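> this one's structure only:
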C-alpha cells in the first residue's frame, strides 16, 4: 500500500499576479483600440464623406430629436454647467446605478466564486453566467417597454426592493446546497432582478439631466459609478469573504448597494420629479 503526500499549496508570487493583471489590462485597452479603429473604418466604408447620397439620406430621413433641435443654437459650456448646477443629479444617477453595475460584475465573477467558494466545476459557473445572459437579453426589452407605460422609478423601486429581499436567501440556499441546478436557478433569478432594475435605468438617468448638459451628466455619472461600484466589486467580494470567513459576504455588499440605489430612486421620484 502506498501513500501519497499532498504538498502544501505554493505561495502566490507577486510578480506573477502583477504580470497577469497587466496582461488583462492590456487586452482591455487592445479591445478598445480595435473597436476605435474599426469604428472609423466602418464609418468610412458605409458612410463616405464624398458620397452625397448617403449624407443626403441621413439628413433627409433621420430626424434629430426635437428637444435637441430647440437648443442647437444656444451657446453653452456643458461641462461647466453640469458641475456647477447638476451635482445633485449626478449623485442621484451614480447612486441609482450602484446596485446594477455591481450585479453585472458579480455575474462575471460567478465562475470564480463557483470554483473557489463552492467547489463546483468551472463549466458549471460559466453555464450559470450563460443563463443570466440569456435572461437579460430576452427580458430587458420587455421591462423597458413596461417602464414606458408604467413609469421608470415605479418599476425600479419594485426590483430594487426585491434585490434587497431576495439576494441573501437565494445565495444562502446556493451555499447550503451547491449544485448545477441550484446555481442555474439562482443565477436565473439574478438575471430577472438585474433586467427588471436595469431596463428602465438608462432612460431614467437621461431624464435626470436637462438637454443642454445631458450627454455630459450621463458620461460623468456613469463612468464614476462604474469605477466605484463596478470595477471594485470582485475585489470587495474577495476581501469580504476573506475577512468574515462567510461565503455569503457578497450578499452584504449587494444589499448595501440596493439600499443606496433605493434611496437614490426615491429621491429622484420625490424631489426631482422623475417618474
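Perfect, thanks for sending it. Model, not experiment: these values are computed from the prediction.
> helix, strand or coil for residue 246?
Assigned by DSSP: H, G, I helix; E, B strand; the rest coil, the conformation of residue 246 is coil.
> Excluding chain neighbours, give the residue nearest to it in space.
Closest residue to residue 246 apart from its sequence neighbours, by CB to CB, 6 or more residues apart in numbering: residue 240 at 7.9 Å. In short, each C-beta sits where N, CA and C put it, glycine included.
> And that neighbour, what's its pLDDT?
In the predicted model, residue 240 carries a pLDDT score of 88.
> any idea how far residue 178 is from it?
19 Å (CB to CB, to the nearest Å).
> can you list contacts of stretch 83-103?
With contacts defined as CB atoms under 8 Å, 6 or more residues apart in numbering, stretch 83-103 is touched by 82, 156, 160, 163, 190, 193-194, 197-198, 201, 204-205, 208-210, 213, 217-218, 220-222, 224-226, 228-230, 233, 253-254, 257-258, 260-261, 263-265, 267-268, 272.
> The residues you listed in strands, which ones?
Among these, no residue falls in strands (DSSP state E).
> hmm, which of those residues are the buried ones?
82, 156, 160, 163, 190, 193-194, 197-198, 201, 204-205, 208-210, 213, 217-218, 220-222, 225-226, 229-230, 233, 253-254, 257-258, 260-261, 264-265, 267-268 (16 or more other CB atoms under 10 Å).
> what does the model give the closest residue to residue 208 other than its chain neighbours for pLDDT?
With sequence-adjacent residues excluded and distances taken as CB to CB, 6+ apart, residue 208 is closest to residue 89, at 4.6 Å. Residue 89 carries a pLDDT value of 93.
> Check residue 141 too.
On the pLDDT scale, residue 141 gets 90.
> Kindly indicate whether it is helix, strand or coil.
helix.
> follow-up on the earlier one: just the element for the residue nearest to residue 208, please.
helix 87-116 (DSSP states H and E).
> Could I get the buried residue list for that helix?
89-90, 92-107, 109-111, 113-114.
> where's the residue nearest to residue 208 relative to residue 108, distance?
29 Å.
> Noted, bye for now.
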